[in-house]
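K.L.:
fold the following.
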Amino acid sequence: MTFENLLLEVRDGIAFLTLNRPKVLNALNAATLQELQSAISAVRDDASIRAVLLTGAGEKAFAAGADIQELAQVDEAKGRELALRGQAVFRAVETCGKPVIACINGFALGGGCELSLACTLRIASETAKFGQPEVKLGLIPGYGGTQRLARLVGKGVALQMILTGEMMTAADALRVGLVNEVVAPDQLLARGEAIARTIASMAPLAVRYSMEAVDRGYDLPLEQALAIEASLFGKSCGTADKAKGTAAFLAKRPPVWEGR
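P.N.:
Okay, the predicted model is just below:
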């Protein structure tokens, strides 16, 4: 697929998805969100794709938030529609059934930070900076930031970031659990790809069910969450891949996954 604001390339089962508006620090305007949704739908429906690397073009930014020129024209009704639209796109990223690894190479601010939060894993360059500066514009995070950030780093840290609008360094992001790893800038994509290929070597349905179990059960009482886990464990036991995986283990040979 070809896009105006994104680059999408698939190599050996890994989709490399790049936000490609470096002149405006990869700001997430309406057109970019629409293309992102289309790209994620294509990834979801392509069984040959096992994982996604999401990054921003250039060295300065992953994504530096929403397009302020667009925001300046938004009233209350349109603002709610805009938030719901962005939330839907990011939820599609979060639930596409494939692990999406954010490779954060610079500023991840506002909507850019929120996009990284919707990804499965986050790998940051040492030069990356994170923030939810919407309060400086008289706004609040609207693409899931008030919810995912608190769930990831805790209420206190999330409120400090949201209420002060201050940026957080990559080192601090690692300390509070906002990112999984911090690496040198020239190692960012290589490390992200290494993780993606490790995950891609696993049984695809097991990967999908694992992510689904965590996503669906995270905010539920433990008893309900365990019921979801048991149901998905049962589904995995009925797959051809489970039969392949257990037989390969007992025969001391690598499994060949069928994805069914």
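K.L.:
wait, a strand at A108?
P.N.:
Yes. Under DSSP: H, G, I helix; E, B strand; the rest coil, A108 falls within a strand.
K.L.:
so what's the residue count around the nearest residue to it once chain neighbours are set aside?
P.N.:
Leaving aside its sequence neighbours, A108 sits nearest to F62 (C-beta to C-beta, 6 or more residues apart in numbering; 4.4 Å). Placement of C-beta: from N, CA and C, glycine included. Neighbour count for F62, taken as other C-beta atoms under 10 Å: 30.
K.L.:
S38 too?
P.N.:
Using other C-beta under 10 Å, S38 has 16 neighbouring residues.
K.L.:
isn't S116 up against A108?
P.N.:
Yes. If you go by C-beta atoms under 8 Å, S116 and A108 touch, sitting 5.1 Å apart.
K.L.:
overlap in contacts of the two?
P.N.:
Here S116 and A108 have 62, 102, 130 as joint contacts, going by C-beta atoms under 8 Å, 6 or more residues apart in numbering.
K.L.:
closest one of the residues you listed to Q87?
P.N.:
A102 (17.2 Å; C-beta to C-beta).
K.L.:
the closest one touches E114, doesn't it?
P.N.:
No. Here A102 lies out of contact with E114, judged by C-beta under 8 Å, at a distance of 11.0 Å.
K.L.:
which ones are touching V157?
P.N.:
Neighbour list for V157: V176 [criterion: C-beta under 8 Å, 6+ apart].
K.L.:
all the helices of this protein, in order from the start?
P.N.:
In the chain, the helices defined using DSSP state H lie at 30-45, 68-71, 76-94, 111-118, 145-153, 155-164, 170-176, 188-200, 204-217, 222-237, 240-250.
K.L.:
beta partners for A102?
P.N.:
L54, R122 (DSSP bridges).
K.L.:
what is the burial count for it?
P.N.:
For A102, using other C-beta under 10 Å, the count is 29.
K.L.:
quick one: contacts for it?
P.N.:
Neighbour list for A102: 54-55, 62, 108, 115-116, 119, 121-123 [criterion: C-beta under 8 Å, 6+ apart].
K.L.:
average pLDDT for stretch 73-82, rounded please.
P.N.:
Mean pLDDT, computed over stretch 73-82, is 93.
K.L.:
buried stuff in that stretch?
P.N.:
For stretch 73-82, the neighbour count (16 or more other C-beta atoms under 10 Å) marks L82 as buried.
K.L.:
so which residues make contact with it?
P.N.:
The contact list for stretch 73-82 (C-beta under 8 Å, 6+ apart) reads 71, 142.
K.L.:
the same query, at a cut-off of 7 Å, please.
P.N.:
Outside of stretch 73-82, the residues within contact range by C-beta atoms under 7 Å, 6 or more residues apart in numbering are G142.
K.L.:
what about dumping the CA coordinates of that stretch to PDB?
P.N.:
Below are the C-alpha coordinates for stretch 73-82, written out as PDB (Å, rounded to 0.1, in the frame of the first residue of the first chain):
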ATOM      1  CA  GLN A  73     -10.600  25.300  14.600                       C
ATOM      2  CA  VAL A  74     -12.300  22.600  16.800                       C
ATOM      3  CA  ASP A  75     -15.300  23.500  19.000                       C
ATOM      4  CA  GLU A  76     -16.900  21.300  21.700                       C
ATOM      5  CA  ALA A  77     -18.900  19.000  19.500                       C
ATOM      6  CA  LYS A  78     -16.100  18.600  16.900                       C
ATOM      7  CA  GLY A  79     -13.600  18.100  19.800                       C
ATOM      8  CA  ARG A  80     -15.600  15.100  21.100                       C
ATOM      9  CA  GLU A  81     -15.800  13.600  17.600                       C
ATOM     10  CA  LEU A  82     -12.000  14.100  17.200                       C
END
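K.L.:
chain center to that stretch, what's the gap?
P.N.:
25 Å (C-alpha atoms, centre = their mean, to the nearest Å).
K.L.:
right, I'll leave it there.
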